[in-house]
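[1] Structural data only, the sequence is not supplied:
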Ligand SMILES: [Zn+2]
């Protein structure tokens, strides 16, 4: 079983913003998953399958999203719901702290989710995970603070905010950017069930050094012609390290509908 897993920061609701994933384009990609018979799963489903004998749909897919962007509630949710899909959303809570501190803008001007809207996503079946408070580069942070104390404080505060506003204790974590450290993984293992990485190319920042993503996750073979790691590194399998799960950025390697389709079809050939 190979489980495809995509990641994005939502759809672009802001002209001039660098996110080229429009609602229309996203809907087109999601329709491909539907056409191929994929059904979305959550981290609870994944845990049940890996460790408790739970069953998965024949063609499972995970739709992950990071950051509390407003589009999650107003564009991504309806686009996924049309096909009966749910998603997993990882929140870095500092963005919301800043918005509430400064005063919540009018709907048209607002970039971020309200806590109430995040609650609506959870009520619709989305699984909510943690993504720190201030979104530090974890590779650099590990050099600055090898004890892991700063990251521990970030994780505790992120979890506390999500608990306070949503009544949910996050069980899963998304590493920030393409940064990773041994110290961060140690803290994440102490607190969460899964840790998820983010594939935008073949490279990662690991303990202060540039490293191949494939080497971080222990997948052999050369990087692919599209600039990403070996295909085998792009799916969740039974052999995946639960704290080094992949996710493929939609804006990068699978943006073109043909590439997206080929990624999903690659899961069926295994
Ligand atoms: Zn992030």
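    That came through fine. What you are looking at is a predicted structure, and each value in this text was computed from that prediction instead of being measured. Residues are numbered from 1 along each chain as shown.
[2] What backbone torsions are found at whichever residue of the chain sits closest to the ion?
    Residue nearest to the ion within the chain: residue 66 (4.2 Å; Cβ to the ion). Where C-beta positions appear, they are placed from N, C-alpha and C, glycine not excepted. With angles defined as degrees, to the nearest 10, residue 66 sits at phi -120, psi 150.
[3] number of nearby residues for the residue nearest to residue 155 when sequence neighbours are not counted?
    Of all residues not flanking residue 155 in the chain, residue 191 sits nearest, at 5.6 Å (Cβ to Cβ, 6 or more residues apart in numbering). Residue 191: 17 surrounding residues under other Cβ atoms under 10 Å.
[4] ok, residue 191 touching residue 173?
    Yes. Between residue 191 and residue 173 there is a contact at 7.2 Å, judged by Cβ atoms under 8 Å.
[5] for residue 95, what are its contacts?
    67, 68, 112 (Cβ atoms under 8 Å, 6 or more residues apart in numbering).
[6] Could you pull out the residues contacting both of residue 191 and residue 173?
    Each of residue 155 lies in contact with both residue 191 and residue 173 under the rule Cβ under 8 Å, 6+ apart.
[7] Including neighbour count and secondary structure, could the contacts of residue 95 go into TSV?
    Output for the contacts of residue 95, formatted as TSV (neighbours: other Cβ atoms under 10 Å; DSSP: H, G, I helix; E, B strand; the rest coil):
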residue	neighbour count	secondary structure
67	20	coil
68	28	coil
112	20	strand
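[8] which one among those residues gets closest to residue 218?
    Ranked by distance to residue 218 (Cβ to Cβ), those are led by residue 67 at 28.2 Å.
[9] Just the pLDDT at that closest one, thanks.
    The model reports residue 67 with a pLDDT of 97.
[10] just the one 3 residues further on next, same as before
    Model confidence at residue 70, given as pLDDT, is 95.
[11] can you check residue 12 too?
    So, for residue 12, pLDDT stands at 79.
[12] Tell me the spatial nearest neighbour of it, not counting adjacent residues.
    What sits nearest to residue 12 in space, not counting adjacent residues and going by Cβ to Cβ, 6+ apart, is residue 19, at 4.2 Å.
[13] Would you mind giving the secondary structure of the one you found?
    Using DSSP: H, G, I helix; E, B strand; the rest coil, the structure places residue 19 in coil.
[14] max-length helix in the chain?
    Longest helix in the chain by number of residues (criterion: DSSP state H): helix 149-166.
[15] Packing partners of that one?
    Contact here means 3 or more Cβ pairs under 8 Å, 6 or more residues apart in numbering; DSSP states H and E; on that basis helix 149-166 packs against helix 115-123, strand 127-130, helix 138-144, helix 182-191.
[16] to the chain's geometric centre, what's the distance from the second one?
    With Cα atoms, centre = their mean, to the nearest Å as the basis, strand 127-130 stands 9 Å off its chain's centre.
[17] Same check on the longest one?
    From the chain centre to the centre of helix 182-191 is a distance of 17 Å (Cα atoms, centre = their mean).
[18] The first one too?
    Relative to the chain's own centre, helix 115-123 is displaced by 17 Å; criterion: Cα atoms, centre = their mean.
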